[in-house]
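Chemist: Provided below for reference: sequence and predicted model.
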Amino acid sequence: MLGWGRNPSKASAPGLGLNDTRRLARLCGHLDDHLRQIEERLGIEINNRGNQFRVIGDESIVHESVSLLKALYEETANSDLTAEKIHLSLQQSSFESMNDADDADAVQWTVTTRQIGR
């Protein structure tokens, strides 16, 4: 089920309902490193508490992200996840074509700050 967040251009997918704590630990990674890797690559936000996950972002990416998380969770039944496996899963998913289209319109910003006290 898809629920709307505060921003109408953003979508939220509540709870994935994953139950095995060992597999959840494999999915999330040490200090949630795997979740952060996915967030950074897809430009989404993943919130989790126990076995409840919430994915927030653009509607089209949220649906695909939930599918990716479920597929990665299934993979934890047989092996540990690594950053490399997650990277490969992201590359093989439909996100690649989405991001290629977005890259054409991407703008790069650079922020420079002054150091105070030096």
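Modeler: Yep, that arrived.

Chemist: how about the strand or helix carrying L90: buried residues?
Modeler: Secondary structure from DSSP states H and E places L90 in helix 83-92. By neighbour count on 16 or more other CB atoms under 10 Å, the buried set for helix 83-92 is 86, 89-90. All C-beta spots, glycine's among them, are computed from the backbone N, C-alpha and C.

Chemist: dump those into a markdown table; add distance to H30 and pLDDT as well.
Modeler: Formatted as a markdown table, the buried residues of helix 83-92 follow (distance: CB to CB, whole Å; pLDDT from 0 to 100):
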| residue | distance to H30 | pLDDT |
| --- | --- | --- |
| I86 | 13 | 94 |
| S89 | 18 | 92 |
| L90 | 19 | 92 |
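
Chemist: got CSV for the residues you listed, with distance to H63 too?
Modeler: Compiled in CSV, the buried residues of helix 83-92 are given as follows (distance: CB to CB, whole Å):
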residue, distance to H63
I86, 19
S89, 16
L90, 15
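
Chemist: ok, so of those residues, who is nearest S67?
Modeler: Closest to S67 out of these is S89 (10.6 Å), distances taken as CB to CB.

Chemist: against L35, how distant is that closest one?
Modeler: When distance is defined by CB to CB, to the nearest Å, S89 is 13 Å away from L35.

Chemist: who touches both of those two?
Modeler: Common neighbours of S89 and L35 (criterion: CB atoms under 8 Å, 6 or more residues apart in numbering): none identified.

Chemist: keeping just the C-alphas, turn whatever helix or strand A71 lives in into CSV.
Modeler: For A71, the host element (DSSP H and E) is helix 59-75. Only the C-alpha atoms of helix 59-75 are listed here, as CSV (Å, rounded to 0.1, in the frame of the first residue of the first chain):
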residue,chain,number,x,y,z
GLU,A,59,6.5,7.5,-6.1
SER,A,60,8.1,5.6,-9.0
ILE,A,61,11.3,5.0,-7.1
VAL,A,62,9.5,4.0,-3.9
HIS,A,63,7.7,1.1,-5.5
GLU,A,64,10.9,-0.2,-7.1
SER,A,65,12.8,0.3,-3.8
VAL,A,66,10.4,-1.8,-1.9
SER,A,67,10.8,-4.6,-4.5
LEU,A,68,14.5,-4.3,-4.2
LEU,A,69,14.5,-4.5,-0.4
LYS,A,70,12.3,-7.6,-0.5
ALA,A,71,14.5,-9.2,-3.1
LEU,A,72,17.6,-8.4,-1.0
TYR,A,73,15.8,-9.8,2.1
GLU,A,74,15.1,-13.0,0.2
GLU,A,75,18.8,-13.2,-0.7
